[in-house]
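Trainee: give the three-dimensional model of this entry:
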Amino acid sequence: MIQASNISIHFANRYLFDGISFTVNLKDRIGLIGRNGTGKSTLLKILNGIIKPEEGLITTPKDFRLGYLPQETVTNSEKSIFDETLSALTEMNSIEAEMQEINKQISISSDYDSPSYLRLIQKHTELNERFNHIGGNTVEGEIETILVGLGFKREDFHKPLNEFSGGWQMRVELAKILISKPNCILLDEPTNHLDIESIQWLEEFLKNYDGSIIIVSHDRTFLDAVTIRTMELSHGKMYDFNHPYSKFISLRGEIRQQQIASYKEQQKQIAETERFIERFRYKATLASRVQSRIKQLEKVDRIELEDEDVTKINFRFPEAPRSGRVAAEAIELSKSYGDNLVLNKINFAIERGEKIAFVGRNGEGKSTLSKIIAGLEDYEGTLKIGFNVQTGYYAQHQAELLEGKATVFETVDGAAYGEMRTKVRSLLGAFLFSGETVEKKVQVLSGGEKSRLALALLLLNPVNLLILDEPTNHLDMAAKDVLKNALINYTGALVIVSHDRDFLKGLTDKTFYFKDGTLREYTGDIYDFLEKTKIDALSELEYSDKNSEKTAEQREEENPKQSKLYREQKKNYQREENKFRKAINECELKIEELEKQIQQLENDFSNAELMSDVELTNTRKAKYEELRESLDKRIEEWTELNEELDVFRINSES
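Mentor: Modelled structure (predicted):
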């Protein structure tokens, strides 16, 4: 159990959190959420003892063990992947070394009845029992299971760790934590370096874990799958609910609405009391009543509205220039790095306006193909880029490629030309860079800020083939939602590499699955793909040798859903469904804007000074009624669209 009491810490002349308290109980599954910069990573470091709080105390039981995975770490270890993972078992390794030493002493001893010999035998027996108790005889199998689950091939187990990239090294660090079985695991964005298959394996592992877990993540699906409790950091405060993320967000909104209603009612009563006191303060016959009201007012336990984080990115991609029907087409395309054949004679076509997800294990060629299409990598075979195709590319580590010594403004202004030079500040404002923040050096920006800046650069020029490689890394949930909405409304062709299932849901209409140098196409979004491949059972992902020997005609006869006609019908269905989703999304945005305007007027109505102007009050009331009527119509429109979508789905399935 972890007890945090009145924890406070400053950063950049403000409180990251101020006097927060909470308890982590046995087997708690906690999602720690909040906008970028609210202190989530800092809190994990405080819990792990890396940072000391300025005020407050963290207490844990004696011999309580923590396992902490930071967002980034690099090792120069020359140990093999297997041995590096094994090194995390310090107690087991210590016992094994001690047992080996005792075995040496026993082997050279000749007096089997001496007290010293008997003590060695006794000690060896005790150590062996402890070794078996902590899993010494099964540990190799457990390590193999964890490493395979996290995406390693068995032939990689004995390769030196320092030969692998930072992302794979992070997987080994995670494996070391999982195999050592600490009382509490602290994970800071663990899915950033994992593919979809590894994420799903990790979900199952954590759901069955015997200790407690605290996870910082912007992956909704991952949080909902693993956690049962959510703690949100916002404006220095913590909000704690015994629910997974999605349920927490729903309840958080309901509680805030109740709080606002109670606050308004109390403010109304306070205003009436204050008016009574002011009006009759000097009337002798009512002096006792006035004093009574004053005392009553002093005793009121005033409701304080919690600050709400309403900062939001707001942008749309420029209208895509018209291009030919086919944006890109590959014929027998291959790519090798030395002896490593990454892509082996693959064929595909990307049509105008299609939205395609690239998925598969890390290292299977998703980023490589993205770079090839963007014109940044050479290849063998044929790649045809369509008529009037203009490409925009966001690299997996795009934010790290920005010039660190330049300011935010200089970065965008230097890349803009023509009419866009006059819109630089407006563009930066849409990405939450305003005032003094536009003069900040890029090198001091947070990961999320750098990602936002890199995305802003994509809007400087209209493109009709947009290639995004892991664009959601370092973006918080609100920023991801805005990016997703912008991509749904984007009119060009989209290729996106991502492992975030919630982000991909409903965004793409085709999935390219990369495996062993090959490419397989699936119609539909990420969940259509997961359903078809049953990816949660990894063994079922292996291609059937028997099926691969059959001709295309035989496979179509056995499974008509693989026919060309079916694929065309599925594509048309997906286009129509996306139209419904786009209309629903636009309707939701209009509803949100109307609700904000109505909320502002309701705030004005509770202001006694503003309400004293009769003419202005009547104008506000008329506007209020007009907005309410518009809101009712939009809600009715939203309901009809959803009903039409349901009917469309039913008809399409029948």
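Trainee: thought Ile143 was touching Arg154, still the case?
Mentor: No - here Arg154 lies out of contact with Ile143, judged by C-beta atoms under 8 Å, at a distance of 11.3 Å. Where you see a C-beta, it was placed from the backbone N, CA and C, and this is true even at glycine.
Trainee: the more surrounded of those two?
Mentor: Using other C-beta atoms under 10 Å, the more surrounded residue of Arg154 and Ile143 is Ile143, with 22 against 10.
Trainee: ok, and the closest non-adjacent residue to that one?
Mentor: Of all residues not flanking Ile143 in the chain, Thr85 sits nearest, at 5.2 Å (C-beta to C-beta, 6 or more residues apart in numbering).
Trainee: Ser41 too?
Mentor: Nearest to Ser41 is Asp188, by C-beta to C-beta, 6+ apart, at 5.4 Å.
Trainee: in the sheet, who's paired with that neighbour?
Mentor: Val216 (DSSP bridges).
Trainee: distance-wise, check Glu332 relative to Glu636.
Mentor: Using C-beta to C-beta, to the nearest Å, Glu332 is found at 54 Å from Glu636.
Trainee: now name the helix or strand holding the residue nearest to Leu297 when sequence neighbours are not counted.
Mentor: Among residues not flanking Leu297 along the chain, Thr273 sits closest, at 5.4 Å (C-beta to C-beta, 6+ apart). Using DSSP states H and E, Thr273 falls within helix 245-280.
Trainee: ditto for Lys371
Mentor: helix 366-373.
Trainee: just to revisit the earlier point, burial of the residue nearest to Leu297, as a residue count?
Mentor: 15.
Trainee: wait, isn't it in contact with Lys299?
Mentor: No - contact between Thr273 and Lys299 fails when scored by C-beta under 8 Å: they sit 11.3 Å apart.
Trainee: now the helices for the stretch 501-650 of the chain?
Mentor: Shown for the stretch 501-650 of the chain, the helices assigned by DSSP state H, counting those that start in this stretch span residues 501-504, 526-533, 545-548, 552-558, 564-605, 608-611, 614-653.
Trainee: quick one: buried residues of stretch 578-585?
Mentor: 578, 580, 584 (16 or more other C-beta atoms under 10 Å).
Trainee: ok, so of these, who is nearest Leu601?
Mentor: Comparing the buried residues of stretch 578-585 against Leu601 with C-beta to C-beta places Ile584 closest, at 26.2 Å.
Trainee: if I look at the closest residue in space to that closest one that isn't next to it in sequence, how far off is Ile635?
Mentor: Nearest non-adjacent residue to Ile584, counting by C-beta to C-beta, 6+ apart: Leu641, 5.0 Å away. The spacing between Leu641 and Ile635, counted by C-beta to C-beta, is 11 Å.
Trainee: between these two, which is the more surrounded one?
Mentor: For Leu641 versus Ile635, the count of surrounding residues by other C-beta under 10 Å is larger for Leu641: 18 against 13.
Trainee: verify the stated contact: that one with Ala583.
Mentor: Yes - between Leu641 and Ala583 there is a contact under C-beta under 8 Å: 5.6 Å.
Trainee: buried ones in the helix holding Thr273?
Mentor: 245, 248-249, 252, 260, 264, 267, 276-277.
Trainee: quick one: contacts of the helix or strand following that helix?
Mentor: Downstream of helix 245-280, the next assigned helix or strand under DSSP H and E is helix 287-298. Applying C-beta atoms under 8 Å, 6 or more residues apart in numbering, the contact partners of helix 287-298 are 270, 273-274, 276-277, 280-281, 283.
Trainee: which of those scores worst on pLDDT?
Mentor: Checking pLDDT across the contacts of helix 287-298, the minimum falls on Lys283 at 70.
Trainee: quick one: neighbours of it, just the number.
Mentor: 10.
Trainee: ok, Pro115 next?
Mentor: If we define neighbours as other C-beta under 10 Å, then Pro115 has 8 of them.
Trainee: then Leu194?
Mentor: There are 23 residues near Leu194, going by other C-beta under 10 Å.
Trainee: distance check, it against Leu174.
Mentor: 8 Å.
Trainee: after the helix holding Lys371, which helix or strand is next?
Mentor: Helix 366-373 is succeeded, C-terminally, by strand 380-385 (DSSP H and E).
Trainee: give me the element the closest residue to Arg252 other than its chain neighbours is part of.
Mentor: In space, and not counting its chain neighbours, Arg252 is closest to Tyr239: 6.5 Å by C-beta to C-beta, 6+ apart. Remark: Tyr239 resides in strand 237-241, with elements defined by DSSP H and E.
Trainee: in the sheet, who's paired with the residue nearest to Arg252?
Mentor: Bridge pairing for Tyr239 - DSSP bridges - gives Glu232.
Trainee: pLDDT at it, what is it?
Mentor: 87.
Trainee: what about it, neighbour count?
Mentor: 18.
Trainee: likewise Leu187?
Mentor: 23.
Trainee: wait, isn't it in contact with Ile214?
Mentor: Yes - Leu187 sits in contact with Ile214 when judged by C-beta under 8 Å, with a separation of 7.2 Å.
Trainee: number of nearby residues for Ser114?
Mentor: 11.
Trainee: could I get the pLDDT score of the residue nearest to Ile584?
Mentor: 79.
Trainee: swap in Ile650?
Mentor: Looking at Ile650, the pLDDT reads 61.
Trainee: again, but for Thr437
Mentor: Taking Thr437 on its own, its pLDDT is 83.
Trainee: residues contacting the nearest residue to it once chain neighbours are set aside?
Mentor: Distance criterion C-beta to C-beta, 6+ apart; nearest residue to Thr437, sequence neighbours excluded, is Val408 at 6.6 Å. Contacts of Val408 were listed using C-beta under 8 Å, 6+ apart, and they are 428, 433, 437-440, 442, 445, 453.
Trainee: which among those residues end up buried?
Mentor: In the contacts of Val408, the ones that pass as buried (16+ other C-beta under 10 Å) are 428, 433, 438, 442, 445, 453.
Trainee: include secondary structure and distance to Asp63 when you put those residues into TSV, please.
Mentor: Below are these laid out as TSV (DSSP: H, G, I helix; E, B strand; the rest coil; distance: C-beta to C-beta, whole Å):
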residue	secondary structure	distance to Asp63
Leu428	helix	51
Phe433	coil	48
Val438	helix	51
Val442	helix	45
Leu445	coil	41
Leu453	helix	46
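Trainee: mind giving me a markdown table with the residues you listed and columns for distance to Arg361?
Mentor: Putting these into a markdown table (distance: C-beta to C-beta, whole Å) gives the following:
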| residue | distance to Arg361 |
| --- | --- |
| Leu428 | 37 |
| Phe433 | 36 |
| Val438 | 40 |
| Val442 | 32 |
| Leu445 | 31 |
| Leu453 | 30 |
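Trainee: for the closest residue to Pro53 other than its chain neighbours, what are its contacts?
Mentor: What sits nearest to Pro53 in space, not counting adjacent residues and going by C-beta to C-beta, 6+ apart, is Ile7, at 4.7 Å. Applying C-beta under 8 Å, 6+ apart to Ile7 gives the contacts 17, 19-21, 43, 46, 53, 55-58.
Trainee: does Leu16 touch Gly34 like I think?
Mentor: No - here Leu16 does not reach Gly34: they are 10.1 Å apart, not a contact under C-beta under 8 Å.
Trainee: overlap in contacts, these two.
Mentor: In contact with both Leu16 and Gly34: Leu233, using C-beta under 8 Å, 6+ apart.
Trainee: what's around Glu72, how many residues?
Mentor: Glu72, neighbours per other C-beta under 10 Å, totals 13.
Trainee: confidence score at it?
Mentor: As summarised for this prediction, Glu72 has a pLDDT of 80.
Trainee: helix/strand/coil for it?
Mentor: coil (DSSP: H, G, I helix; E, B strand; the rest coil).
Trainee: might you report the residue contacts of the nearest residue to it once chain neighbours are set aside?
Mentor: Distance criterion C-beta to C-beta, 6+ apart; nearest residue to Glu72, sequence neighbours excluded, is Gly166 at 7.0 Å. With contact taken as C-beta under 8 Å, 6+ apart, Gly166 is in contact with 72-74, 193.
Trainee: with that, I have no additional questions.
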